[in-house]
Structures are given as C-alpha cells and as structure tokens.
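A.B. asks: fold the following, please.
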Amino acid sequence: MASKLTQLARQKTASELQTMGRDAYRWLTKKISSLSNPTGIASTIAREDRGNHFYNGGLYFFYYDPKTKADLPYYDRFPLVLVLDIQNDHFTGLNLHYLPIQYRVAFLDKLMDFAVVDGNKDIQRMSVTYDILNASRRFKEFKPCFKKYLKSHVQSKILAVQPNEWDIAAFLPIQQFRKASPAKVWQESLEQIR
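C.D. replies: All right, here's what the predicted structure looks like:
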C-alpha cells in the first residue's frame, strides 16, 4: 500500500506539483540561509570538528563540482543525496534529482522499508546498501540515481535534511543539471529503469 506521500503525488496535477514545489522552495530558502557556495572550502568540508560531514543513511543537499565533468554527458550541481557508503576520500549515494518528482517521491516511499526508527517511532536515518538495491527489481529506480562523490569536490557546507522534512525536499524542483535539461536527464533515467 502506498504511503500518504505517494498517494498525494499521484493525485496532484503537474500544476499542483509546481505549486507544492514553490512552497517547498520557500522552505528551502529558509533552511539554506547559512549554506553558501564559496570556493576554497572543499578541503574543510570533511573536518569533523566543524560538524559538517555526512553520515550513512542521511539525506543531504550540497554544491558539487565533479572532477570528470568534462567527460560527463551531464551532472547535477546541487544534488539531493541519500548517502549509502562513506570512504576516506569519497562517498556513494542516491541523487534523487535524477528522477522526475513523482518517481522521486514514490522511490523515497519504497526506501522507507529501510528506515531506522527510535523508541518514539521517529525516523532517524535509512539503513540500505548498494547490494540490497541492486539485488531487487523492486528498487530499479536506484540505477540512474547511484553516484560517487569525491569529498574534495564538495563546494559548500552540507545541508542535512531532517527525516521529518524528507518529503518536502523530494518535492523541490531545484536540480541544477549542467549540459542537459531536466527533461532530457529524466527521460534517460526512465529509460534506464524500464
């Protein structure tokens, strides 16, 4: 059975989704008042003493400049990533922006099966791995979303999205694709998951 979030996304027209996106965008502008796009802070982004780092199972916004951008057909400058695995110099995760909003919301709903909750049944994080996603046809939406990010190429502070705000973040139409339009990226993503 679909969650309320998925049901809501299915019932909304494109116009209504755009309105929800604008509301979500207003939410984001309040949240990112401290998030800037300075150059030269990439080397400090992973320093734990600043409290500005990633955790497995968390959802994050950040500015990113890929090392291999010249070779990529397109990339997202401001990803929304569910982190799956963290290594010394890089991390892997699911950039939900690679899916159209309705697919993004439905996929996030499926991933709730892996939510880790506390004693009050509040979601804390996700506990899912690449191997779990790759082994199941149920999660085929992960394929275009799975990306590797070099920590040294993160170009901003990190905005952690609180679990009770994941649905709002999923509705945000703020992907910043370079070298291709969102429509082209999403068309190719949908072809990949079919």
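A.B. asks: Lys148: how many residues sit nearby?
C.D. replies: For Lys148, the neighbour count with other CB atoms under 10 Å is 11. Using the backbone N, CA and C atoms, a C-beta is placed for each residue, glycine as well.
A.B. asks: and it, what are its bridge partners?
C.D. replies: Taking DSSP bridges as the rule, Lys148 bridges to Thr92.
A.B. asks: distance-wise, check it relative to His97.
C.D. replies: Look at Lys148 and His97: by CB to CB, to the nearest Å, they are 15 Å apart.
A.B. asks: my guess is Gly93 contacts Leu80. True?
C.D. replies: No: look at Gly93 against Leu80 with CB atoms under 8 Å: they stay out of range, at 9.5 Å.
A.B. asks: state whether Pro173 is indeed within a helix.
C.D. replies: No: with DSSP: H, G, I helix; E, B strand; the rest coil as the criterion, Pro173 is coil rather than part of a helix.
A.B. asks: shouldn't it be in contact with Ile101?
C.D. replies: Yes: Pro173 is within contact range of Ile101, at 6.6 Å (criterion: CB under 8 Å).
A.B. asks: which one's more surrounded, those two?
C.D. replies: Under the criterion of other CB under 10 Å, the comparison of Pro173 against Ile101 puts Ile101 first, with 24 against 15.
A.B. asks: how close does that one get to Leu150?
C.D. replies: Distance from Ile101 to Leu150, by CB to CB: 28 Å.
A.B. asks: which stretches in this protein count as strands?
C.D. replies: For the chain, applying DSSP state E gives strands covering 59-61, 75-76, 80-86, 90-95, 115-117, 123-126, 146-150, 159-161, 177-178.
A.B. asks: columns distance to Ser189 and mean pLDDT on top of the ones you listed, output as TSV?
C.D. replies: Formatted as TSV, these follow (distance: least, CB to CB, whole Å; pLDDT from 0 to 100):
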stretch	distance to Ser189	mean pLDDT
strand 59-61	19	95
strand 75-76	11	98
strand 80-86	14	97
strand 90-95	10	98
strand 115-117	24	94
strand 123-126	20	94
strand 146-150	11	98
strand 159-161	21	92
strand 177-178	11	98
